[in-house]
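Asks: I'll drop the sequence and a predicted model, then ask my questions.
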Amino acid sequence: MDNEIIVVRKEGKRRMVKRFVLDEFKCKYCSSSNLVLYGKQKNTQQWWCKDCRRKFSGTLSLPKMRSPVAHVGSAVQQYYNGMSLNAICRNIDQQYGYKPNNSTIYRWVDEFTDRAIQETKDIHPKVGDTWIADETVIKVGGVNYWFWDCIDAESRYLLASRMVTTRGTRDARALMELAEERAGKTPKVVVTDKLNSYLGGIELAFGSDTLHKQGSPFNLENNTNLIERFQGSLKDRTKILRGLKKPETARRFLEGWLIHYNFFRPHGGIDGKTPAEKAGLHFEHKDWLDLIRSPKDTAKIAISTEPKPILRLHHPPMARMPQTRFAPRNPKHKTSERGYIIHPDGRKERQKRGTVI
């Protein structure tokens, strides 16, 4: 009878029931163990933290969410790995037995992408002295937008990206200045294709201290194959989206995908490491699930699907209170009206209520 308790049911039957709670169960907001039971809501146990004075549900989900954190992390990871929203919903239905709406998956992606952007905006990688820049076209809402990007040749770390409708000297200069701000240094060599906008953009951003080399994918010495490969991966992902509708949505997706590329996606050309690891960054999260279950404003949420069973004693039933009802009728008395007694002498008396049996 280990880890089992007896619960008395109706009609005198007894049933063996196993009760489970979370392993090392703590407050989801402040990670405190000073908790008390706080009733049930929709058959889900609620808890009250005496330290932060907040209520939360005793489930494996994040605060104010119903889906387990493992399902949310898996959905965001699958989205940036290339699966469509419909495919993610079908996958959750097949694995866990419920099918969320497409808008629910998109809301998860949007919320935690914004959190990842906030956590990575002040990170400065240790990059090399050779950078590669290029641009490619992406169609958004039927309009062609130019996606500018600049990566480090040594670590494959994406330093800067911009999405604009033009590709002039001003755009090339803005890209270089953004990459310099992120890296905290200026490069010695910048390799680009033969677009004339890079000539003035690099000169205005770095001056004469940086050597500008123009090449092509087929140039053995000064080629842009590394960034062409990156753009190929990006376009493979955007094909599944079946067209981005708004520039704001496209920018948000690109920002999230670039975080996925730099911090969570292993690269075969650098021995299976991520560009962030190759650049000497020790990011505290190893994937989207780890980032989601460790938000800044809440405690770390457990992801175990089989928590340890513990013994919870069943409280004894309270003593039954005496029931009250109408006094039993005397067969010698006649009743002409409900609630009244007529005595043999014709006297009428109201029947008393609340007599204890």
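Replies: Perfect, I can see it now.
Asks: run through the strands of this structure in chain order.
Replies: 5-8, 14-17, 35-41, 44-49, 55-57, 130-140, 143-152, 158-164, 189-192, 211-214, 324-325, 340-342, 348-350, 355-356 (DSSP state E).
Asks: any low-confidence regions in this structure?
Replies: Counting by pLDDT under 70, the chain shows low-confidence ranges at 1-25, 216-223, 239-244, 294-342, 351-357.
Asks: surely residue 144 touches residue 137?
Replies: Yes. In terms of C-beta atoms under 8 Å, residue 144 counts as a neighbour of residue 137; the distance is 5.1 Å. To be clear about C-beta, it is placed using only N, CA and C from the backbone, and glycine gets the same treatment.
Asks: hey, where'd the helices end up in the stretch 1-150 of the chain?
Replies: Using DSSP state H, counting those that start in this stretch, the helices found in the stretch 1-150 of the chain span residues 69-81, 85-96, 102-120.
Asks: let me know which of the strands of the chain is tucked in deepest.
Replies: Comparing the strands of the chain by mean neighbour count (mean count of other C-beta atoms under 10 Å), strand 189-192 comes out on top with a mean of 22.
Asks: residues contacting it, please?
Replies: 129-134, 153, 176, 198, 202, 206, 210-215, 222-224 (C-beta atoms under 8 Å, 6 or more residues apart in numbering).
Asks: on that earlier part again, quick one: closest of the strands of the chain to residue 257.
Replies: With C-beta to C-beta, the closest approach to residue 257 among the strands of the chain belongs to strand 158-164: 9.7 Å.
Asks: tilt between that closest one and strand 143-152?
Replies: Interaxial angle, strand 158-164 versus strand 143-152 (axes from the mean of the first three to the mean of the last three C-alpha atoms, to 10 degrees): 160 degrees.
Asks: list the strands paired with strand 158-164, with their directions.
Replies: Strand pairing for strand 158-164, using DSSP bridges, gives strand 143-152 (antiparallel).
Asks: chain center to the strand it pairs with: distance?
Replies: 27 Å (C-alpha atoms, centre = their mean, to the nearest Å).
Asks: cool, stretch 35-48 as well?
Replies: 24 Å.
Asks: just the C-alpha atoms of that stretch, please, in PDB.
Replies: Provided in PDB are the C-alpha atoms of stretch 35-48 (Å, rounded to 0.1, in the frame of the first residue of the first chain):
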ATOM      1  CA  LEU A  35       2.300  27.100   0.400                       C
ATOM      2  CA  VAL A  36      -1.200  26.200   1.500                       C
ATOM      3  CA  LEU A  37      -4.100  24.600  -0.400                       C
ATOM      4  CA  TYR A  38      -6.500  27.200  -1.700                       C
ATOM      5  CA  GLY A  39      -9.500  25.200  -3.000                       C
ATOM      6  CA  LYS A  40     -10.200  24.000  -6.500                       C
ATOM      7  CA  GLN A  41     -11.100  25.700  -9.700                       C
ATOM      8  CA  LYS A  42     -12.600  23.600 -12.500                       C
ATOM      9  CA  ASN A  43     -11.400  20.500 -10.700                       C
ATOM     10  CA  THR A  44      -7.800  21.800 -10.600                       C
ATOM     11  CA  GLN A  45      -6.100  22.200  -7.200                       C
ATOM     12  CA  GLN A  46      -5.200  25.800  -6.400                       C
ATOM     13  CA  TRP A  47      -2.300  26.900  -4.100                       C
ATOM     14  CA  TRP A  48      -1.700  30.100  -2.200                       C
END
